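# this one's sequence-less:
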């Protein structure tokens, strides 16, 4: 499988939904497979909150969570790189190469000061506008499919509304059409923990220091996030009430295995992901609403012409299955039922099933791409 990566710099302004602009800005990208001579075998894979433009595992790559969809993408896999030219970009606001709060205000002058809190609030619509500009600059006018999970699913749905003729198929997984209070509340916990951490210094923290020692606020917030990504069933199955053998049961600092798991993952994550980027990306997730600017969800979907495949997981507490089912029902109400398919995958794992239980949904993707 042929793999190429790079960073594309754009000197023209990116006009944001807030009314502000980014100029200049850059987008990190990775491609898998080969673009055919007709440029019509493209699949765009969009990433979730802590994902990146590295969905396929690469040895030596230090980007956090690289290989997050390694089971799905590759030669002969559900997203077959023998047939398709797969593109994945790092969204605007993410810290893995695209313009973000820790980028220089002017990337043409690397010694320039960083954006930090001067970075504008970005939205899912802004993310896909930047991706669309990138693909257009490569001469790609239409793609076979746009596929994403969680925040990536938001991007896929937004593409279907904003650029209705750009994709033949939209595949949104473990996502929603509008972020609900449960998810907003969990994100708020992390945001508060970050901003109340004295070492955050109102966004003026040392990037090198955080990379070395982490940020306690982000670690604690990530622990809360992990709870929302899993489920009562999956945590019981994974940890039970097992206690760490070396910890005293009646010691106030003694830990269950689930305690240790949350601490380990929270501390590790806080050294790998930028806290300002986390604030901005969770803000984008919280304000996401596909009907924004329209009278209703039905009104927003009226222009959709792409085949729309919606996949939810029964045990997902972060984005309930009913949230994607509402998209299906809305499309049926406006006479677009022939364009939509809805699958509810039986799973007790929780939200992270879209990153774990590939055997339960990869055939859906494979069959829908073939069809």
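Looks like it came in fine. Because the structure is predicted, anything quoted here is derived from the model rather than measured.

# Sketch out the helices for the stretch 201-350 of the chain, chain order is fine.
For the stretch 201-350 of the chain, the helices defined by DSSP state H, counting those that start in this stretch cover 207-213, 216-229, 232-239, 257-272, 275-286, 297-301, 321-333.

# Buried ones in stretch 121-131, by neighbour count?
Within stretch 121-131, the residues that qualify as buried are 122-131, counting by 16 or more other Cβ atoms under 10 Å. In short, each C-beta sits where N, CA and C put it, glycine included.

# Okay, and which of the residues you listed map to helices?
Per DSSP state H, helices hold the following members of those: 124-131.

# which one of these is nearest residue 72?
Nearest to residue 72 among those: residue 131, at 19.1 Å, using Cβ to Cβ.

# do you know how far the closest one is from residue 45?
The gap separating residue 131 from residue 45 is 11 Å, by Cβ to Cβ, to the nearest Å.

# Check residue 301 too.
Between residue 301 and residue 45 the computed distance is 23 Å (Cβ to Cβ).

# the more surrounded of the two?
Set residue 301 next to residue 45 and count neighbours by other Cβ atoms under 10 Å: residue 45 wins out with 29 against 25.

# Verify the stated contact: that one with residue 90.
No. Look at residue 45 against residue 90 with Cβ atoms under 8 Å: they stay out of range, at 11.7 Å.

# who touches residue 112 in this structure?
Contacts here follow Cβ atoms under 8 Å, 6 or more residues apart in numbering; on that basis residue 112 touches 104-106.

# Can you select the buried ones among those for me in ChimeraX?
The buried subset of those, as determined by 16+ other Cβ under 10 Å, is captured in ChimeraX by this line:
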select :105
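
# Now, the contacts of residue 112 that are in strands?
Assignment to strands by DSSP state E places none of the contacts of residue 112 there.

# Out of the contacts of residue 112, which one has the weakest pLDDT?
Among these, residue 106 carries the weakest pLDDT, at 84.

# Which residue, other than its chain neighbours, is closest to that one?
Nearest residue to residue 106 in three dimensions, chain neighbours excluded: residue 112, at 4.6 Å (Cβ to Cβ, 6 or more residues apart in numbering).

# could you dump the buried residues of stretch 121-131 to a markdown table with distance to residue 200 and pLDDT?
Shown next, in a markdown table, are the buried residues of stretch 121-131 (distance: Cβ to Cβ, whole Å; pLDDT from 0 to 100):
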| residue | distance to residue 200 | pLDDT |
| --- | --- | --- |
| 122 | 20 | 98 |
| 123 | 24 | 98 |
| 124 | 25 | 98 |
| 125 | 28 | 98 |
| 126 | 24 | 98 |
| 127 | 24 | 98 |
| 128 | 30 | 98 |
| 129 | 30 | 98 |
| 130 | 27 | 98 |
| 131 | 30 | 98 |
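
# which one of the helices of the stretch 201-350 of the chain lies closest to residue 24?
So among the helices of the stretch 201-350 of the chain, helix 275-286 is nearest, using Cβ to Cβ, at 18.4 Å.

# outside of the closest one, which residues touch it?
Residues external to helix 275-286 that are found in contact with it (Cβ under 8 Å, 6+ apart): 49, 91, 93-95, 100-102, 116-117, 119, 121-124, 126-127, 151, 154, 179, 183-184, 187-188, 190-191, 194-195, 200, 203, 205, 210, 215, 217-218, 221.

# On the three-state scheme, residue 26 is what?
Under DSSP: H, G, I helix; E, B strand; the rest coil, the three-state class of residue 26 is strand.

# got a pLDDT number for it?
On the pLDDT scale, residue 26 is placed at 96.

# ok, it - how many residues close by?
By other Cβ under 10 Å, 21 other residues sit near residue 26.

# That one: what's it in contact with?
Applying Cβ under 8 Å, 6+ apart, we find residue 26 in contact with 7-10, 97-99, 103, 107.

# same thing with residue 227?
Listed by Cβ under 8 Å, 6+ apart, the contact set of residue 227 reads 186, 235, 262.

# got a winner among those residues for most neighbours?
Busiest of these [other Cβ under 10 Å] is residue 262, holding 22 neighbours.

# do you know how far it is from residue 220?
Applying Cβ to Cβ, the value for residue 262 to residue 220 is 9 Å.

# what sits opposite the residue lying closest to residue 249 once chain neighbours are set aside in the beta ladder?
The shortest distance from residue 249 to any non-neighbouring residue, by Cβ to Cβ, 6+ apart, is to residue 243 (6.1 Å). Beta bridges link residue 243 to residue 256, judged by DSSP bridges.

# Let me know whether residue 243 touches residue 250 as I believe.
No. Between residue 243 and residue 250 there is no contact under Cβ under 8 Å: 10.9 Å.
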